[in-house]
Structures are given as structure tokens and as C-alpha cells.
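Student: Prediction below, plus the sequence it came from.
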Amino acid sequence: MPPCDFIPERYQSLGYNRVLEIHKDHLSPVVTAYFQKPLLLHQGHMEWLFDAEGNRYLDFFSGIVTVSVGHCHPKVNAVAQKQLGRLWHTSTVFFHPPMHEYAEKLAALLPEPLKVIFLVNSGSEANELAMLMARAHSNNIDIISFRGAYHGGSPYTLGLTNVGTYKMELPGGTGCQPTMCPDVFRGPWGGSHCRDSPVQTIRKCSCAPDCCQAKDQYIEQFKDTLSTSVAKSIAGFFAEPIQGVNGVVQYPKGFLKEAFELVRARGGVCIADEVQTGFGRLGSHFWGFQTHDVLPDIVTMAKGIGNGFPMAAVVTTPEIAKSLAKRLQYFNTFGGNPMACAIGSAVLEMSRRPLPREEVNQIHEDCKHMGLLVGRGGIFSQTFRIAPSMCITKPEVDFATEVFRSALTQHMERRAK
């Protein structure tokens, strides 16, 4: 396991058996904990978690794809502590700078005309509000989502969620219709050229770079849903840019673009659920919908938005926002509170803002002092360019990785002072 310079505090709270008793007597009986012996976590630091016994774990799940910039990130911590001493909470009936500053920063990261922001508390709540928006704007009821989709566990969003383990034998989420998931890996159509992914199905296909036969087959299934399972006019269509809970499912190239056109022709709006794919999680783009070359009418987001702090948002167009305002005096007690917005702003800065040149220079110098030479690039000279000769060996790569880790650790320690 890679080394970690962080030393956690000594655990001095409830014993493990006592925790099990309390959980059994007072907490939800629904089995959600991972592992036969659930972990009792105590402390987190960046990509690391520590349990009550002092064991260290490399966290590759990030609190269900939520901790976007690291556990207890020093910069985010500092912002949270500062805001905690200034103002914890006031509802949106009053103005406060953190909310307006955050709204401006978030809006700048989305393309026109997605500029009106509704701040809420969770992904389920965001998707419920998006459902209301779609119906209020279109004056229609039916909403389509993929089989295998997960859009929340609240009674309303369970209609959109199409994963069997989350379904109930009780009514809820009426007016929602599932359609076939265009899964080129496990579905009936698709091959090794049908999606942009390093992991491909072993099935061969004869698709050309600009023509995906599997996409055409799945679009026919989507058209069949529109023809048979919903009214002539619909309210909308929900899609995760990549399905998360269903097992990281990617769609064939061009599918969402054509599906969006079909939905809009029926009077519906297109909703991108970015709860798991937003805020740079996909690497190539800040938002998952950008990888499909589409522009949604509504975008929902949560999880990584607050690095684990309860926060979510719905972003839409002025036109759709006005349609909702005509139907509903929408209010949210905790959405957009000062703590959430201050933390959200700090997370956005860690995702997008280049380090000051003098700080990048120091990291560069630290690497050189430890025997590692790397390049620089980017319009702010903020990117380290790593391109070793092809004769490099694994031990040498391990050395370079450790030097770079050490240089970044020193940088974070300097910033925390």
C-alpha cells in the first residue's frame, strides 16, 4: 500500500459491539452496510479512511461517488470552519452572500441557457423538483427513464428508478414509464466500436466511426416506447450520462442526441441526472452530458457538489423556471443555506481553479530537489507534463510517483498553515 504521512487521532468513542447494539435497536433495519463485519470508520484524510482500530484504507468509492476532492480537504475544511463561526443557517427568505456567490460560480460552468438555479439538499429531492418542472412546463404527465436507471429512493423518484432491489410493492411515482437501456455491453445489440470506453465488449461489430448500427436498433426500441407506452405528448425524459447504480453502463455513440430530439418532438423536456457524473468525475468534461454533445433542458446534481455535505441543485432555463413559478410557490428551508454554499464554492475552486503560479513553482522545485524532473504546460503553466522515455521501468515509475506524492503533501501542509 502506498505510504501516507497523515496520522489519525486515537479512537476513544463507542466500542464496536456497542455500536452494533445501537444500530440493531435504533437504526434502520434495512441492510445497507458493506462487508460481513461492517467497518466502523473514525477519520478521513484525502483519499484515505481510518477505522476505529487504526487500519488504513484507500477509498476508491468516495462515499458512494460523493467525496469529490478528498476527505477533510484542508482548503474545504478551512472555508467550512470560517463560515461556521459566521452564520450557520438562514432560509432563502433572506439574502446572504455565500448563496449568491455560489450561484454565480455554478452558473458560469453551465452553457446557456442553463442559468436558473434551485438549491436543494439531495439527489432525490433534485430529481423530484425536476419532475415537477417538466410537468409544469409541458402540461403533460408521462416521464420516460431507462431500465436500470437510478434517480432516487423517495416515493416520487422511485417511479423513475428501475432497479429491482429499490422497487416496492406499494404505489408511488405514477406517470413514469421505463424504456430499454441501450447497453452495448450486455444488451442485445452492440460491439467493440459502439462506445467511447477503454473497456469494451468482446462482441465484434461492423459499425463505422460515424454510424453505429446498435444505436439505430436501440433508437427503434425508444420509438416503440413512445408509440405504445406513453401519451402522444409527454413531460420529459430522464437519463444519467453514464448509469451508476446499474453498473457503469455507457450508451452507444449518438443515442442520447437522437433520443433528445424524439422527446422534444413530443413536447417533452430532457433532464440530465448528473448526480454521479458531474463535477469532473468523468475526467474529459465537467458535465457528463457534454460527452454526448447534447444540451439538456434541466440538469440535476448532488453528491460531489458538496464533497459530502448535504447539498444538491437543479439548473434549468429561465423559460422552464417561469413555468414552475406560475404553478408553485416553491420554497426550501435548508436548500442554499450559508454552510452548504460556502462549502460548495470551495469544492468548485478545487475542481477548476488553477493554483497560483508561485505555488506550482514550489511543487516543481520540490520535485527537482528530490531528483525528479517533470515538465509544465497549460495556459496558466499549472499542468505538470509527465512523458518519460519508453525505456522506463516499474521501479522508476514507483519512485516518480512517490516523489510527486511527497511534493504535493508538502504543498498541502504549507497551505494548511
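Tutor: Thanks, I have it.

Student: CA atoms for contacts and neighbours, from now on please.
Tutor: OK.

Student: mind listing the strands for the stretch 1-150 of the chain?
Tutor: 41-45, 48-51, 56-58, 116-120, 143-146 (DSSP state E, counting those that start in this stretch).

Student: which of these is buried the deepest?
Tutor: Burial of those is given as mean neighbour count (mean count of other C-alpha atoms under 10 Å); strand 143-146 ranks first at a mean of 25.

Student: How far does that one sit from its chain's centre?
Tutor: Centroid displacement of strand 143-146 relative to its chain, using C-alpha atoms, centre = their mean, to the nearest Å, is 20 Å.

Student: Identify the residues contacting that strand?
Tutor: Strand 143-146 is contacted by residues 131, 160-162, 175-181, 234-239 when judged by C-alpha atoms under 8 Å, 6 or more residues apart in numbering.

Student: repeat that for 7 Å
Tutor: Residues outside strand 143-146 that contact it (C-alpha atoms under 7 Å, 6 or more residues apart in numbering) are 160, 175-181, 234-239.

Student: go on, stretch 305-324?
Tutor: Contacting residues not belonging to stretch 305-324 are listed as 66-69, 113-123, 126, 130, 133, 136-137, 279, 297-302, 340, 343-344, 347 [C-alpha under 7 Å, 6+ apart].

Student: Most neighbours out of the contacts of strand 143-146, which is it?
Tutor: When neighbours are counted by other C-alpha atoms under 10 Å, Leu160 leads those with 32 neighbours.

Student: close enough to count as contact, that one and Thr174?
Tutor: No - when contacts are counted by C-alpha atoms under 7 Å, Leu160 is not listed as touching Thr174 (9.1 Å).

Student: can you pull the buried residues of stretch 97-104?
Tutor: For stretch 97-104, burial by neighbour count (16 or more other C-alpha atoms under 10 Å) applies to Pro98, Met99, Tyr102, Ala103.

Student: need those residues in TSV with distance to Ile320 and pLDDT, can you?
Tutor: Shown next, in TSV, are the buried residues of stretch 97-104 (distance: C-alpha to C-alpha, whole Å; pLDDT from 0 to 100):
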residue	distance to Ile320	pLDDT
Pro98	25	95
Met99	21	95
Tyr102	21	96
Ala103	18	96
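
Student: For Thr333, state which of these is nearest.
Tutor: Comparing those against Thr333 with C-alpha to C-alpha places Met99 closest, at 13.3 Å.

Student: That closest one and Asn332, how far apart?
Tutor: Separation of Met99 from Asn332 (C-alpha to C-alpha, to the nearest Å): 13 Å.

Student: quick one: low-confidence parts of the protein?
Tutor: Counting by pLDDT under 70, the chain has low-confidence residues at 1, 196-201, 209, 352-354, 377-382, 417.

Student: Can you name the element that comes right after the helix or strand hosting Ala214?
Tutor: Using DSSP states H and E, Ala214 falls within helix 213-228. Next helix or strand after helix 213-228 toward the C-terminus (DSSP H and E): strand 236-239.

Student: now for that next one, which elements pack on it?
Tutor: Here strand 236-239 touches strand 143-146, strand 269-273, going by 3 or more C-alpha pairs under 7 Å, 6 or more residues apart in numbering; DSSP states H and E.

Student: Tell me the helices and strands packed up against the next helix or strand along the chain from the first one.
Tutor: Spelled out, it's strand 143-146. Using DSSP H and E, the helix or strand that follows strand 143-146 in sequence is strand 176-179. Secondary-structure packing of strand 176-179 (3+ C-alpha pairs under 7 Å, 6+ apart): strand 143-146.

Student: any idea how far Pro356 is from Ser225?
Tutor: Heads up, residue 225 is Thr, not Ser. In terms of C-alpha to C-alpha, Thr225 sits 52 Å off from Pro356.

Student: and for the helix holding Ala214, what are the contacting residues?
Tutor: Thr179, Met180, Pro182, Trp189, Gly190, Cys207, Pro252, Lys253, Phe255, Ala259.

Student: and those as CSV, adding secondary structure and distance to Thr393?
Tutor: As requested, the contacts of helix 213-228 are exported to CSV (DSSP: H, G, I helix; E, B strand; the rest coil; distance: C-alpha to C-alpha, whole Å):
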residue, secondary structure, distance to Thr393
Thr179, strand, 49
Met180, coil, 46
Pro182, coil, 41
Trp189, coil, 41
Gly190, coil, 37
Cys207, coil, 38
Pro252, coil, 37
Lys253, coil, 37
Phe255, helix, 42
Ala259, helix, 47
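
Student: which one of the residues you listed has the most neighbours?
Tutor: When neighbours are counted by other C-alpha under 10 Å, Gly190 leads the contacts of helix 213-228 with 29 neighbours.

Student: tally of neighbours for the nearest residue to that one once chain neighbours are set aside?
Tutor: Closest residue to Gly190 apart from its sequence neighbours, by C-alpha to C-alpha, 6 or more residues apart in numbering: Val184 at 4.1 Å. If you count neighbours by other C-alpha under 10 Å, Val184 ends up with 25.

Student: quick one: contacts for Val184?
Tutor: Applying C-alpha under 7 Å, 6+ apart, we find Val184 in contact with Gly190, Gly191, Cys194, Tyr251, Pro252.

Student: tell me the SS of it?
Tutor: At Val184, secondary structure determined by DSSP: H, G, I helix; E, B strand; the rest coil is coil.

Student: where's it relative to Asp216, distance?
Tutor: 12 Å.

Student: Then Ser406?
Tutor: Ser406 is 50 Å from Asp216, by C-alpha to C-alpha.
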